[in-house]
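*Asks:* Here is the input, now give the coordinates:
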Amino acid sequence: MEENKINEVNETLNDVKQDTKVEAEVTETEEVELVEKDTTNKDQNHTVIPDESLGIDVEKENKRAKVFKVIKYVIIYAFLTLFAAFAILPFYWMIISSLKTDAEYRQTVPSFFPEAVNWVNYKIVIEGSDNLFSTILVNTLIVGIVSTILSVILTIVTAFAFAKLKFKGKSLLFTILLATMMIPGELFTTTNYVTVSSAGFGWNNTYTVLIVPFMVSVFYIYLLRNTMMQIPDSLYQAAKVDGAGDLRFLVKVMIPLTSPTIISITLLKLIGTWNSYIWPQLVNKNENWQLLSNWVSGGFKYQTFDQASQTLKMAAACMVTLPLLILFILFRKYIMRGVSRSGTKG
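*Replies:* Sure, this is the predicted structure:
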């Protein structure tokens, strides 16, 4: 009897297992069917509708987009070309005028190209000045190079002090320096002239009076200081830990990292000195101590040739402008990089 009961229990368990397997198979089949239905529905929902059914001609739209793109670029480049022509026109007029004769220059209807290229104007400018051109050129080079070197050194040291060193009153002192930028430059020229003339320095008709008064530029200090502020202080602290002094850190680390801005400052200072006119005209009455801008704009009144010769003035202006133009073309990327880098943070 007991064996029969055991057999019945086993049969019952087997029946239960088979029913469970059947139910599991049915469940799996239903899940597969559901997944297939969902996939089919998604495919139906994401079916790509042909462009023809929407009435859109793809090739025509692409051609239209290309035409609009070409028209846009034509308008942009035409606009830029027009303004570039207006910017270049004064330089072109200066060059062609320097190659004309006085009679052709004074014609009622001006010509945009000389009838005969007259290179002799440049020869007259150089040789007809009784060696004054070479003297003034040397003056300009000496003043430009010396004042630029001294100004860049002072700018680097001052900007480093305001950017990395810590001392009392730094923010207040820097604010006062920035406030001086709001004072017109003509006022500085007047006060410097009164100081040099009445203080008994005896600087008139010397290189000193052309170099010393304008060695410091607050704008250059501000420009370089902003660039140095972007360099992490951790570099300065690490250099201190390694035993490097401030001067060594400035020379080995700060100057190489800020070289684009330093190059920009150097070029801008040199260009400013090369073009300076009012200050040399005020302090140096002797023509042998003046600069190229004074020589060109003076109308050649102290030359052996005709005062009214505008073609000679144009030739002299070309000679003075050409070095600056070449300098700017060669180093324009450094100027742009230095100025843009000084205006960003991070």
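*Asks:* Not counting its own residues, what contacts stretch 311-319?
*Replies:* Applying Cβ atoms under 8 Å, 6 or more residues apart in numbering, the contact partners of stretch 311-319 are 94-95, 97-102, 105, 118, 121-122, 124-125, 295-296, 299-300, 305-306. (C-beta placed from N, C-alpha, C; glycine too.)
*Asks:* Quick one: distance of that stretch to the chain centre.
*Replies:* Centroid separation between stretch 311-319 and its chain, computed with Cα atoms, centre = their mean, to the nearest Å, is 30 Å.
*Asks:* And for stretch 102-117?
*Replies:* The chain centroid and the centroid of stretch 102-117 are separated by 38 Å, computed with Cα atoms, centre = their mean.
*Asks:* Flag every buried residue along that stretch.
*Replies:* By neighbour count, with 16 or more other Cβ atoms under 10 Å as the criterion, the buried positions of stretch 102-117 are 104, 105, 114.
*Asks:* Residues in contact with that stretch: which ones?
*Replies:* By Cβ under 8 Å, 6+ apart, the surrounding residues in contact with stretch 102-117 are 92, 96, 97, 99, 100, 101, 306, 308, 309, 310, 311.
*Asks:* start to end distance for that stretch?
*Replies:* This stretch, stretch 102-117, spans 12 Å end to end (Cα to Cα, to the nearest Å).
*Asks:* Going by distance to residue 156, which of the contacts of stretch 102-117 wins?
*Replies:* residue 92 (39.0 Å; Cβ to Cβ).
*Asks:* what's the spacing between that closest one and residue 80?
*Replies:* If you measure residue 92 against residue 80 using Cβ to Cβ, to the nearest Å, the figure is 17 Å.
*Asks:* Show me this protein divided up by domain.
*Replies:* Taking automatic domain parsing as the domain assignment, the ranges for the chain are 1-33, 56-98, 130-342.
*Asks:* for residue 206, helix, strand, or coil?
*Replies:* Here residue 206 is coil, with the state taken from DSSP: H, G, I helix; E, B strand; the rest coil.
*Asks:* contacting residues for the nearest residue in space to it that is not next to it in sequence?
*Replies:* Here the nearest residue to residue 206 in space, its sequence neighbours aside, is residue 289; by Cβ to Cβ, 6 or more residues apart in numbering that works out to 7.2 Å. In this structure, residue 289 makes contact with 139, 205, 206, 210, 280, judged by Cβ under 8 Å, 6+ apart.
*Asks:* Ranking by neighbours, what's the top pick from those residues?
*Replies:* Each of the contacts of residue 289 was scored by neighbours using other Cβ atoms under 10 Å; the highest score is residue 210's, at 26 neighbours.
*Asks:* OK, contacts around it?
*Replies:* Residue 210 makes contact with 143, 147, 276, 279, 280, 283, 284, 289, 291 under the criterion Cβ under 8 Å, 6+ apart.
*Asks:* ok, of the residues you listed, which one's closest to residue 233?
*Replies:* When the contacts of residue 210 are compared for distance to residue 233 (Cβ to Cβ), residue 147 wins out at 32.7 Å.
*Asks:* Kindly provide the distance from the residue nearest to the closest one when sequence neighbours are not counted to residue 186.
*Replies:* Distances taken as Cβ to Cβ, 6+ apart place residue 211 nearest to residue 147, at 4.5 Å, with adjacent residues excluded. When Cβ to Cβ is applied, the distance between residue 211 and residue 186 equals 20 Å.
*Asks:* And for residue 175?
*Replies:* Here the criterion is Cβ to Cβ. By it, residue 175 lies 23 Å from residue 186.
*Asks:* And for residue 287?
*Replies:* 24 Å.
*Asks:* Those two: which is more packed in?
*Replies:* Neighbours were tallied for residue 287 and for residue 186 using other Cβ under 10 Å; the higher tally belongs to residue 287 (14 against 9).
*Asks:* The more buried one touches residue 139, doesn't it?
*Replies:* No. The pair residue 287 and residue 139 does not pass the contact test of Cβ atoms under 8 Å, sitting 10.2 Å apart.
*Asks:* Counting neighbours, what do you get for the residue nearest to residue 252 when sequence neighbours are not counted?
*Replies:* Counting by Cβ to Cβ, 6+ apart, residue 252 lies nearest to residue 244, which is 7.4 Å off, once chain neighbours are set aside. By the measure other Cβ under 10 Å, the count of residues near residue 244 is 16.
*Asks:* Mind pulling the model confidence for residue 345?
*Replies:* Reading off the per-residue confidence, residue 345 sits at a pLDDT of 47.
*Asks:* cool, and residue 13?
*Replies:* The per-residue pLDDT reported for residue 13 equals 49.
*Asks:* low-confidence ranges in the protein?
*Replies:* The chain contains residues with pLDDT under 70 at 1-57, 128-131, 199-200, 298-308, 337-346.
*Asks:* In the stretch 51-200 of the chain, what residue spans correspond to helices?
*Replies:* In order along the chain, the stretch 51-200 of the chain carries the following helices (DSSP state H, counting those that start in this stretch): 51-54, 58-98, 102-105, 120-127, 132-164, 170-179, 185-198.
*Asks:* Would you check how far apart the residue nearest to residue 252 and residue 151 are?
*Replies:* Using Cβ to Cβ, which is the criterion applied here, residue 244 is 26 Å from residue 151.
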